[in-house]
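Asker: Task: produce atomic coordinates for the following.
(chains A and B)
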Number of protein chains: 2
Amino acid sequence: MIERRIAEILRSAQPDESIKAQGWVRTKRELKGFAFIELNDGSSLANLQVVLDQNLPDYENILKQLNTGVSVEASGILVESQGKGQRIELKAEKVKVYGEADPETYPLQKKRHSFEFLRTIGHLRSRTNSLGAVFRVRNACATAIHEFFQQRGFLWVHTPIITASDCEGAGELFRVTSLDLNNVPRTEDKLVDYSKDFFGRPTYLTVSGQLEAEIMAMTFGNVYTFGPTFRAENSNTSRHLAEFWMVEPEMAFCELSEDMDLAEEFLRYVFKYVMDKCPEDMDFFNLRVDKTVLETAENIINNQFERITYTEAVKLLEKADVQFEYPVNWGLDLQSEHERYLCEKLFKKPVIVSDYPTEIKAFYMRLSDDEKTVAAMDVLAPKIGEIIGGSQREERYDVLEQRIKAQGMKPEDLWWYMDLRRYGTVPHAGFGLGFERLVQFITGMGNIRDVIPFPRTPENADF
Amino acid sequence: MIERRIAEILRSAQPDESIKAQGWVRTKRELKGFAFIELNDGSSLANLQVVLDQNLPDYENILKQLNTGVSVEASGILVESQGKGQRIELKAEKVKVYGEADPETYPLQKKRHSFEFLRTIGHLRSRTNSLGAVFRVRNACATAIHEFFQQRGFLWVHTPIITASDCEGAGELFRVTSLDLNNVPRTEDKLVDYSKDFFGRPTYLTVSGQLEAEIMAMTFGNVYTFGPTFRAENSNTSRHLAEFWMVEPEMAFCELSEDMDLAEEFLRYVFKYVMDKCPEDMDFFNLRVDKTVLETAENIINNQFERITYTEAVKLLEKADVQFEYPVNWGLDLQSEHERYLCEKLFKKPVIVSDYPTEIKAFYMRLSDDEKTVAAMDVLAPKIGEIIGGSQREERYDVLEQRIKAQGMKPEDLWWYMDLRRYGTVPHAGFGLGFERLVQFITGMGNIRDVIPFPRTPENADF
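Answerer: The predicted structure follows:
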């Protein structure tokens, strides 16, 4: 195991210290009688500059091997750097080459590569500056999420990935089966005989852990999920993944306004955490990927989000001096262009829109007294659009039963969900956040496939 | 959202403080002119005792409703408790009932329930003392795992759940598909036409994130996975789940002895963390579930693990004055009874067995110089058996290629895995830990279905 990471050496090591660094060569510069190697071990964007001089034993031979991608261990003494860009550098006394990387075939040579090309070498692409920074920030986001909830006494609950319920809308579900597709067993009516399948019934990959998280919230008060979820939607866009990670807090004794408070506090916490832990990576994104990355982070950390109802939003959109492609009308869902107008043009910051029309929202959202709206809220972010969707849940048995029936579903299929309203029901609320959208929001990365190590999309399940 | 949890009130609140507590009634005791309610909000095993006296407005009516399972908000003043078992109690000035729980039908009445019965009410079972304690400890274990790795600079990497590679052994894989099983498309040769499936090829649920974690370790040095994994094995036992969570660290520039060091340090850290954070729950397990729980924790925290090679293990087993059911012979895998003899009888603590015969281990484990053994290690724990399995990985291109071929697989199917050995290969190692086995190990719970909220087993995918 690497004992002292380059990030730490660059941060705190002093000249004259004797050190050993291990990593991969990013670049080599040969000058007369000596050479510079940029060594990276993934702990930071910055490399450790290693100076080799011709007095090093076996100098010529070693130098020949030190191509981009080669793994080495370099030992020596730290010295103050004469060059620009680094405080210290390593004067090598010994360089051991672990593994070569033939410059004729190694795809990551010095030049810049398109993100499209890098996706075809998903097993190597994290070795570039940009993807390396993305995955360090992704880790920081994930850690921030756990810290945020754990500090507040929320339990991390693992909701099932394989599920027999398809209540959030079939058609977009992946089926999970142990049946032999070449020889599917049939019942007497010639239909698939699911009694022969592993679980004795049709099963799917989960689209959300919310309903199960509600079970846990009814015991533990505050819980959250953080795990993979799936959509078999055939959307080949820069915003969709078939497999993505989702965060879903669920709180008992909680109403919609507190749910919004939590969502806002949550986003602020994660941005602040990433800015604290990965300043160098964030500077990189701002410089190379999207010039508004730091501004966005500051904006989130320092401003209250705007809060308006759907009804107010519709009025504002009707008054807007912009020609929208899609109509604006009370009762219709907001389109991406409308959401962007609200947070990018009008308020110039995240906007929480609440109290949507009942007809366009899910059965489990709490019905208002006039029955026209439900206690739903979406957090809309500039450039990203909807980053969080949440609601207060319908906790009244009779109302929920009606709402389920109204959507053509059967309450008995959700008997356990109904039971939560039968036994010790309480007002409760929660939200869902697509983790990759959050990483995009923070890093400014344009394509969602570039913020998850191994994206799953139509026709693509490589690595 | 609950503002002040009962755990915190019990820990630090003082008499005369005015408080509001929210939760669910566990029990009610009526005496002449007053009554005691045990209120639980899931934040701790202990309940807050609420005293209602007959001067409370609407006393009789409220009391009638306060059955087990009912959700309430109780406000009042904390007073020193006269009774045994608690430092303080709440003298209620106002009690608001949120949701009832009909004692005629609510399944969790005061009596003890078997774990078998509780599995049939998976949506309510966490409301019992035992399952509540399990899921608090499960959360503490999970948090400890992230803290352990993050403190050491490991990145949490999300390896794919849906995978097109089935290289760890087919037959036990769940298939993932978007095809209509009632009408599977066929090629001209009458086989399944996977080009019509979502990913354009056969796909499965992952059995391990290791190979992809190796990709990430070759950039970031130290990484870990923590996510769901799957086995379609038809094992209806107390030790098997079809869906379970796994932790898999992977370290570059790391050999087997450091891998063992990490495994040992890791287990010690998690046990210590849980003992610190959940002492009350751990006492409960020791009292009610398994009388050796605290002893085991102390044992892990305070003792070095024993380390022996497989060859030494075989010698020790051959010398044992025990009649084993299965034969002991160099080259045969160790059976559960052998593992238990080593750690329960002989060493009375965890034992790390290393350097197993090449024939019985996976293709990716590093071959020793004499080719008879590979650099594998298993951590065996008393009562649990194998809790961790790890290895140094074969980093030499030619050797790996031979090993893959020897197992009847094709190196070109693992082209990207081979590439890691072609470009900047380094010695590296890692291990896998079944998270539910760990929770069982810590809590002493006998059946693995009782340490995961919603177990997935043959014929069972409820909730």
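Asker: backbone phi and psi for the closest residue to chain B within the stretch 351-463 of chain A, please?
Answerer: Taking Cβ to the nearest Cβ, chain B has its nearest neighbour within the stretch 351-463 of chain A at A:Thr425, 3.4 Å off. Yep, even glycine has a C-beta here, placed from its N, CA and C like the rest. Dihedral angles of A:Thr425 (phi, psi; degrees, to the nearest 10) stand at phi -70, psi 150.
Asker: For it, which non-adjacent residue is spatially closest?
Answerer: B:Gly99 (3.4 Å; Cβ to Cβ, 6 or more residues apart in numbering or on different chains).
Asker: Mind listing the residues bridging to that neighbour?
Answerer: Legend: beta-bridge partners of B:Gly99 under DSSP bridges are B:Ser71.
Asker: Read off the pLDDT value for it.
Answerer: pLDDT for B:Gly99: 97.
Asker: so how far is A:Gly33 from the residue sitting furthest away from the middle of chain A?
Answerer: Here chain A reaches farthest from its C-alpha mean at A:Asn55, the gap being 48.6 Å by Cα atoms, centre = their mean. Shown here: A:Asn55 relative to A:Gly33, a distance of 9 Å by Cβ to Cβ, to the nearest Å.
Asker: Tell me how far the residue of the stretch 351-463 of chain A closest to chain B lies from B:His123.
Answerer: 13 Å.
Asker: A:Asp290 now?
Answerer: 44 Å.
Asker: Give the residue from those two that has the larger number of neighbours.
Answerer: B:His123 (25 against 17; other Cβ atoms under 10 Å in any protein chain shown).
Asker: SS state for that one?
Answerer: coil (DSSP: H, G, I helix; E, B strand; the rest coil).
Asker: my read: it touches A:Trp416, true?
Answerer: Yes. Contact between B:His123 and A:Trp416 holds when scored by Cβ atoms under 8 Å: they sit 3.9 Å apart.
Asker: what's the distance between the closest residue to chain B within the stretch 101-250 of chain A and B:Ala101?
Answerer: Nearest residue of the stretch 101-250 of chain A to chain B (Cβ to the nearest Cβ) works out as A:Phe220 at 3.4 Å. Between A:Phe220 and B:Ala101 the computed distance is 17 Å (Cβ to Cβ).
Asker: Which one of these two is surrounded by more residues?
Answerer: A:Phe220 (26 against 23).
Asker: per-residue confidence for A:Glu168?
Answerer: For A:Glu168, the model assigns a pLDDT of 58.
Asker: what do you get for A:Met1?
Answerer: Listed pLDDT for A:Met1 reads 63.
Asker: any low-confidence regions in the stretch 101-250 of chain A?
Answerer: The model of the stretch 101-250 of chain A has pLDDT under 70 over residues A:166-171.
Asker: quick one: the strands in it?
Answerer: For the stretch 101-250 of chain A, the strands defined by DSSP state E, counting those that start in this stretch occupy A:155-156, A:162-163, A:175-177, A:203-205, A:222-230, A:243-252.
Asker: For chain B, tell me whether the second one is touching it.
Answerer: Yes. Strand A:162-163 reaches chain B (Cβ under 8 Å from any Cβ of the partner chain) through A:Ile162, A:Thr163.
Asker: Same check on the fourth one?
Answerer: Yes. Applying Cβ under 8 Å from any Cβ, one finds strand A:203-205 touching chain B at A:Thr203, A:Leu205.
Asker: Just the residues contacting that strand, thanks.
Answerer: A:161-164, A:166, A:173-177, A:197, A:229-230, B:161-162, B:176, B:461 (Cβ atoms under 8 Å, 6 or more residues apart in numbering or on different chains).
Asker: Buried ones from those residues, can you make that a PyMOL selection?
Answerer: Selecting only the buried entries of the contacts of strand A:203-205 in PyMOL, with 16 or more other Cβ atoms under 10 Å in any protein chain shown as the criterion:
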select buried, (chain A and resi 161+162+163+164+166+173+174+175+176+177+197+229+230) or (chain B and resi 161+162+176+461)
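Asker: hmm, back to that, the residue nearest to A:Thr425 contacts A:Leu420, correct?
Answerer: No. Counting by Cβ under 8 Å, B:Gly99 stays clear of A:Leu420, with 9.1 Å between them.
Asker: Show the contacting residues for the residue of the stretch 101-250 of chain A closest to chain B.
Answerer: A:Leu155, A:Val157, B:Asp41, B:Gly42, B:Ser43, B:Ser126, B:Gly132, B:Phe135, B:Arg136.
Asker: The same query, at a cut-off of 10 Å, please.
Answerer: For A:Phe220, the contacting residues are A:153-155, A:157, A:250, A:252, B:2, B:5, B:40-43, B:126-127, B:132, B:135-136, B:139, by Cβ atoms under 10 Å, 6 or more residues apart in numbering or on different chains.
Asker: what's around A:Ser195, how many residues?
Answerer: A:Ser195: 11 neighbours (other Cβ under 10 Å).
Asker: Next one: it relative to B:Glu255, how far apart?
Answerer: Taking Cβ to Cβ, one finds A:Ser195 at 50 Å from B:Glu255.
Asker: May I have the biggest strand by length in chain A as CSV, with CA atoms only?
Answerer: Longest strand of chain A, by residue count under DSSP state E: strand A:18-31. Extracted in CSV, the C-alpha atoms of strand A:18-31 (Å, rounded to 0.1, in the frame of the first residue of the first chain):
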residue,chain,number,x,y,z
SER,A,18,14.1,11.6,2.4
ILE,A,19,11.0,10.1,0.7
LYS,A,20,9.8,7.3,-1.5
ALA,A,21,7.0,8.0,-4.0
GLN,A,22,5.0,5.5,-6.0
GLY,A,23,2.8,6.3,-9.0
TRP,A,24,2.5,6.6,-12.7
VAL,A,25,4.5,8.8,-15.1
ARG,A,26,2.4,11.5,-16.7
THR,A,27,5.1,13.2,-18.7
LYS,A,28,8.8,13.2,-19.3
ARG,A,29,11.0,16.2,-20.3
GLU,A,30,14.5,15.4,-21.3
LEU,A,31,17.2,18.1,-21.1
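Asker: could you check the angle strand B:243-252 makes with it?
Answerer: Counting by axes from the mean of the first three to the mean of the last three Cα atoms, to 10 degrees, strand A:18-31 lies at 70 degrees to strand B:243-252.
Asker: Could you confirm whether whatever helix or strand comes next after strand A:18-31 reaches chain B?
Answerer: In the C-terminal direction, the helix or strand that comes right after strand A:18-31 (DSSP states H and E) is strand A:34-40. Yes. For strand A:34-40, a contact with chain B is found by Cβ under 10 Å from any Cβ of the partner chain, at A:Asn40.
Asker: Show the model's pLDDT score for A:Gln82.
Answerer: pLDDT at A:Gln82 comes out at 88.
Asker: Measure how buried A:Arg231 is and give me the count.
Answerer: Neighbours of A:Arg231 (other Cβ under 10 Å): 19.
Asker: I figured it hits B:Ile162, correct?
Answerer: No. In this structure, A:Arg231 is not within contact of B:Ile162 by Cβ atoms under 10 Å, at 11.6 Å.
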